[in-house]
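[1] Here's a sequence, model it:
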Amino acid sequence: MSVKIRLQRHGKKGKPFYWIVAADARAKRDGRFLEKLGTYNPNTNPATVNLDVDGAVKWLQNGAQPTDTAKTILSYKGAMLKNHLVGGVRKGALTEEQAEEKFQAWLEEKAGKVASKEENVAKVKTEAKAKALEAEKAVNEARVAAAIEAAAPEEVAEEVAPEEVAEEAAPEVVAEEAAPEVVAEEVAPEEVAEEAAPEVVAEEATPEVVAEEAAEEKKEESAE
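    Numbering: from 1, shown residues only. Have a look, this model is predicted:
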């Protein structure tokens, strides 16, 4: 039976998540499998890979053939290197201790590279976030400045309006203040005439004057 190490798709639409499996080459891609060797999540940066390295090496030693994608993942986790070292031990080119030492040295180097990549990714994310905040701040400041400019003419109009009203109303106020004097000046002669008129009438209509005139007329008649 021919065995392949390949990926079996799971996860949601647009967010695939894969199992790394050893399956019969004649089986469907997402069908039955012989053994689950790990998982592969490409939705993270860097991608997350969990792999049973020893299990993968066992299948490789038994003749299993990985697909291109699966081979890349196995190399990333060191399964292909360990399979090569195990082959060297079988041929007597290496001892098991030497093979394990080389494999551990490779794992440490790989871990350093992964850590460095994660730091770079985190740095890029931090810088991108800082730029986004600066851009948002600039947009907010521009909005505030525009609002202030739009509100400035209205404030000036409100401040000027009372002065203009006062200036326009000033002549009327002056006229109102001056009107009583003018009326007083115009009415003054009439009031004087009205006040003088009763005295004149009173002098002309005095009973004593009338009696004296009547007595003189009688004297003149008797003298005749």
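
[2] Mind jotting down where the helices sit in this protein?
    Along the chain, the segments classed as helices by DSSP state H run 53-61, 68-77, 79-91, 96-204, 207-223.

[3] Least reliable of these by average pLDDT, please.
    Lowest mean pLDDT of those: helix 207-223, a mean of 58.

[4] Surely A64 is in contact with K4?
    Yes: A64 is in contact with K4 according to CB atoms under 8 Å; the separation is 6.5 Å. Quick note: C-beta positions are derived from backbone N, CA and C, even for glycine.

[5] so what sits against both of these two?
    Counting by CB atoms under 8 Å, 6 or more residues apart in numbering, the contacts common to A64 and K4 are A22.

[6] got a list of what the closest residue to T95 other than its chain neighbours touches?
    Leaving aside its chain neighbours, T95 sits nearest to V89 (6.9 Å; criterion: CB to CB, 6 or more residues apart in numbering). Residues in contact with V89, defined by CB under 8 Å, 6+ apart, are 95-96, 99.

[7] Drop anything exposed from those residues.
    A99 (16 or more other CB atoms under 10 Å).

[8] Please report how far K15 lies from A145.
    In this view, K15 and A145 are 42 Å apart by CB to CB, to the nearest Å.

[9] My guess is I5 contacts V21. True?
    Yes: with contact defined as CB under 8 Å, I5 counts as touching V21 (7.3 Å).

[10] ok, P66 touching L7?
    No: here P66 does not reach L7: they are 9.8 Å apart, not a contact under CB under 8 Å.

[11] When the two are compared, which one has more neighbours?
    Using other CB atoms under 10 Å as the criterion, P66 and L7 rank with P66 on top: 23 against 19.

[12] If the nearest residue to that one once chain neighbours are set aside is in a bridge, with which residues?
    Leaving aside its chain neighbours, P66 sits nearest to I5 (4.1 Å; criterion: CB to CB, 6+ apart). Bridge pairing for I5 (DSSP bridges) gives the partners A22, P66.

[13] Spit out the contact partners of I5.
    Applying CB under 8 Å, 6+ apart, the residues near I5 are 20-22, 37, 56, 59-60, 64-67, 70, 74.

[14] ok, S2 to A64 distance?
    S2 is 9 Å from A64, by CB to CB.

[15] okay, these two: which has more neighbours?
    A direct count of neighbours by other CB under 10 Å for S2 and A64 places A64 higher, at 21 against 9.

[16] need the contact list for the nearest residue to that one once chain neighbours are set aside.
    Distances taken as CB to CB, 6+ apart put V3 closest to A64, at 4.2 Å, once the chain neighbours are dropped. Contacts for V3 (CB under 8 Å, 6+ apart) come out as 22-25, 34, 59, 62-65.

[17] Buried only: go through those residues for me.
    22-23, 34, 59, 64.

[18] which two from these end up farthest apart in space?
    Based on CB to CB, the longest span within the buried ones among the contacts of V3 runs between A23 and W59 and measures 10.3 Å.
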